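K.L.:
Give me a model of this one.
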Amino acid sequence: MIKVILASLLLAFALLFAHQPAKAEWLCGVDRCVWVTYDVDEPAYALSWGPPMIPSCYWRRGVFGRWKMICPGR
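P.N.:
Numbers count the residues shown, from 1 in each chain. Got it, this is the predicted structure:
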């Protein structure tokens, strides 16, 4: 009886977490931000940025401190 209860609990947790979207955020250094598919402490200025247009895109800080998206190969 206990094995059945434990098995049903494990199945319930698996189904609950199977439909959770993967966490992905911008990982930022001093002058560059790259898209990663794991949870990081995203800086406040990057919270409004969406995912990159193509996977190779990243954000780079310019000479005057403004951020711009760079997409190599476009």
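
K.L.:
which stretches of this structure have low pLDDT?
P.N.:
Along the chain, segments meeting pLDDT under 70 span 3-4, 6-22, 74.

K.L.:
where along it do the strands fall?
P.N.:
Assigned by DSSP state E, the strands in the chain fall at 25-28, 32-36, 58-61, 67-70.

K.L.:
Give me the distance from the last one to the chain's centre.
P.N.:
Here the centre of mass of C-alpha atoms in strand 67-70, compared against the chain's by C-alpha atoms, centre = their mean, to the nearest Å, lies 18 Å away.

K.L.:
So what touches it?
P.N.:
The contact list for strand 67-70, computed with C-beta atoms under 8 Å, 6 or more residues apart in numbering, reads C33, Y45, P52, M53, C57, Y58, W59, R60, R61, G62. Any C-beta I mention is one placed from the backbone N, CA and C, and that applies to glycine too.

K.L.:
and what of the second one?
P.N.:
Strand 32-36 is touched from outside by 24-27, 46, 49, 51-52, 55, 57-61, 67, with contacts defined as C-beta under 8 Å, 6+ apart.

K.L.:
what sits against the most centrally placed residue in the chain?
P.N.:
Central residue of the chain (C-alpha atoms, centre = their mean): A24, 0.9 Å from the mean position. Applying C-beta under 8 Å, 6+ apart to A24 gives the contacts W35, V36, T37, Y38, P51.

K.L.:
Distance of it relative to I2?
P.N.:
Distance from A24 to I2, counting by C-beta to C-beta, to the nearest Å: 39 Å.

K.L.:
G65 too?
P.N.:
According to C-beta to C-beta, G65 stands 61 Å off from I2.
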